[in-house]
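1. Quick check, what structure comes out for this input:
(one chain, ligands or ions: 1)
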Amino acid sequence: MRAGPQTPRNARFVLKRGVRWVCAGPLGRCDNDFIGNASEGPMHGKRILLGVTGGIAAYKSPDLVRRLRERGAEVQVVMTAAAREFVTAATFQAVSGRTVRSDLWDPAAEAAMGHIELARWADAVLIAPASADFLARLASGQADDLLATLCLATSAPLAVAPAMNHLMWSNAATRANVALLAARGIGIFGPGEGDQACGESGPGRMLEPLDLAERVGALLPGGGALAGKRVLITAGPTRERIDPVRFISNRSSGKMGFAVAQAAREAGATVILVSGPVALATPAGITRVEVESAADMLAAVLRELPGTDVFISTAAVADYRPVRAAEQKIKKSSETLELAMQRTTDVLATVAAHAERPYVVGFAAETEAVEQNARTKLMKKNLDMIAANEVGHDKAFDCEDNQLIVLGRNARHELARASKLTLARGLVALIAQDLAARAVPRQRGSALA
Ligand code: CTP
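-> Numbers count the residues shown, from 1 in each chain. Predicted coordinates:
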């Protein structure tokens with residue numbers, strides 16, 4: 001369909017699937033083979049603010065706009081001054097159908113929609129490409145141009161797609177900035193590895209537009225890979241009372257479980273986190289149930305189990321508890337003290353054997369023969385997946401990072417050393433992938449089972 005003479009000069013483009021369109025607007029004639037349909041798609045009605053900063057990868061960003069609009073999103077492009085050295089605003093205006101913004105001090109644009117309004121307008125903000133300079137400005141909270149100001153002023157989920165020379169990416173300053181942004185909950189999409197515009201090769205390529213469009217979908221509330229799923233997670237240690245002032249416990253900060261809860265929430269799930277005593281803040285949007293002992297944890301899990309799609313057991317549950325907790329403080333009347341202990345119920349195995357069994361994921365904390373012991377637990381407890389890590393000797397406990405071996409019945413993945421949140425996101429992606437594969441068993445075999 002070609003726009004006829006009656007096409008209004010400022011008309012929004014009417015997009016039809018598979019239709020080539022032409023529009024004669026204020027920017028002149030533009031011709032495209034856009035395949036979007038703004039009235040359909042998984043992002044229908046969602047508002048994406050796309051920030052474009054100065055880097056050669058900006059040439060891919062108009063394609064990203066198309067990919068987002070194909071999914072039904074409205075896209076508002078905001079360019080930095082450096083971005084305009086690489087791609088023109090006219091290109092973005094043509095593919096987005098909206099006036100591009102770049103100046104904090106433009107009275108005409110501010111009169112139409114002020115920068116604070118624009119920050120509120122967005123359902124999600126993606127900066128692609130995100131240059132090293134922009135990451136530094138974002139990390140230090142600067143508000144010296146429109147895009148940086150919007151990032152400070154928005155409460156929408158925010159992600160960056162870094163793109164730069166591999167040495168700039170590996171530089172300690174950039175690493176520190178990225179770590180800071182990740183710790184603040186900003187999504188770090190990529191970068192990918194490969195040949196770079198400078199002729200060198202390494203990590204620093206912006207992810208492909210299709211990949212970024214998928215990831216933005218996951219940023220949107222209810223739009224992720226676990227959208228519509230209820231995920232029940234246990235975390236932290238349990239405490240088994242000896243007397244009113246003493247208890248037996250396991251060493252566990254709860255950080256991995258809380259990271260898994262955050263990652264599942266980011267993936268769109270409804271998350272219930274049953275946690276033993278830990279000193280961690282509850283991630284946003286998550287329901288937390290606090291428990292103390294293994295028996296409390298079992299009771300809470302069984303209470304929350306109905307309707308659960310995925311159970312993830314990261315808790316370091318005490319395996320034994322004193323047969324009887326003393327009513328009063330035990331006095332040191334003898335040289336030695338013997339405590340009679342009895343086994344606690346295995347929460348994970350109980351859920352895996354339950355009539356309303358969800359998809360069940362365990363963790364294995366091992367000090368030796370990590371993979372072998374984890375595989376034995378996978379089979380013995382009848383799990384769908386187990387994530388194994390080496391603990392003890394200053395490994396895993398209270399650390400910010402870790403590494404995991406993820407085992408399914410017939411599959412194995414290694415998640416390389418990274419922050420616990422990055423690992424948690426990787427684990428959640430594997431779970432979502434396996435769940436999706438199980439939902440269509442005729443088309444594809446299960447990824448992990
Ligand atoms: N687990 C559980 N309830 C228990 C013990 C363990 O739910 N009473 C779960 C943990 O949350 C973890 C998995 O079982 O997901 C494996 O825990 P781990 O401590 O590694 O092993 P155990 O089963 O306790 O066996 P062992 O201590 O002999 O290694």
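2. Give me the buried positions along stretch 399-410.
-> For stretch 399-410, a neighbour-count test (16 or more other CB atoms under 10 Å) marks Asn402, Leu404, Ile405, Val406, Leu407, Gly408 as buried. C-betas here are computed from N, CA, C, even on glycine.
3. Okay, and which of those residues map to strands?
-> Residues of the buried residues of stretch 399-410 located in strands (DSSP state E): Asn402, Leu404, Ile405, Val406, Leu407.
4. mind putting those in a markdown table, distance to the ligand and pLDDT included?
-> As requested, these are arranged in a markdown table below (distance: CB to the nearest ligand atom, whole Å; pLDDT from 0 to 100):
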| residue | distance to the ligand | pLDDT |
| --- | --- | --- |
| Asn402 | 14 | 87 |
| Leu404 | 12 | 93 |
| Ile405 | 13 | 94 |
| Val406 | 13 | 95 |
| Leu407 | 13 | 96 |
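5. Check those and tell me the two furthest apart.
-> Within those, Asn402 and Leu407 form the most distant pair, 16.0 Å apart (CB to CB).
6. ok, back up a step: what would the ones in strands among the buried residues of stretch 399-410 look like in TSV with distance to Ala83?
-> Below are those laid out as TSV (distance: CB to CB, whole Å):
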residue	distance to Ala83
Asn402	37
Leu404	37
Ile405	41
Val406	38
Leu407	44
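7. the helices in the stretch 151-300 of the chain, which residues?
-> 166-170, 172-183, 209-219, 255-266, 294-304 (DSSP state H, counting those that start in this stretch).
8. Indicate which one of these is closest to the ligand.
-> helix 294-304 (5.5 Å; CB to the nearest ligand atom).
9. what's the very next helix or strand once past the closest one in contact with?
-> Using DSSP states H and E, the next helix or strand after helix 294-304 towards the C-terminus is strand 310-313. The contact list for strand 310-313, computed with CB atoms under 8 Å, 6 or more residues apart in numbering, reads 226, 229-234, 257, 260, 264, 269, 301, 305, 347-348, 351, 358-363, 431, 435.
10. Mean confidence (pLDDT) on strand 310-313, please.
-> Computed over strand 310-313, the mean pLDDT rounds to 98.
11. now stretch 102-116
-> Per-residue pLDDT over stretch 102-116 has a mean of 84.
12. what's in contact with it?
-> For stretch 102-116, the surrounding residues in contact (CB under 8 Å, 6+ apart) are 78-81, 83-84, 89, 99, 101, 121, 145-147, 149-150, 153.
13. Can you select the buried ones from these in ChimeraX?
-> Burial among the contacts of stretch 102-116 is assessed by 16+ other CB under 10 Å; the matching ChimeraX selection reads:
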select :78,79,80,83,84,89,99,101,145,146,147,149,150,153
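14. Which of the contacts of stretch 102-116 fall in strands?
-> Among the contacts of stretch 102-116, the ones falling in strands (DSSP E) are Val78, Met79.
15. Give me the subset of the contacts of stretch 102-116 that lies in helices.
-> Among these, the residues falling in helices (DSSP state H) are Ala89, Trp121, Leu146, Leu147, Thr149, Leu150, Ala153.
16. if I look at the fourth one, how far off is Ala281?
-> The span separating Leu147 from Ala281 equals 29 Å under the rule CB to CB, to the nearest Å.
17. Could you list the domains of this structure?
-> For the chain, automatic domain parsing gives the domain ranges 36-219, 230-327+334-439.
18. quick one: contacts for the residue of the stretch 101-250 of the chain found nearest the ligand?
-> As assessed by CB to the nearest ligand atom, the ligand sits closest to Thr234 within the stretch 101-250 of the chain, at 6.0 Å. Contacts for Thr234 were tallied using CB under 8 Å, 6+ apart; they are 257, 273-276, 297, 301, 312-315, 317, 347.
19. OK, contacts around Leu339?
-> By CB under 8 Å, 6+ apart, the contact set of Leu339 is Ile242, Pro322.
20. I misspoke; the intended subject was Arg101.
-> Listed by CB under 8 Å, 6+ apart, the contact set of Arg101 reads Gln76, Val77, Val78, Met79, Ala109, Leu118, Leu146.
21. if we go to 7 Å?
-> Contact analysis of Arg101 by CB atoms under 7 Å, 6 or more residues apart in numbering lists Val78, Ala109, Leu118, Leu146.
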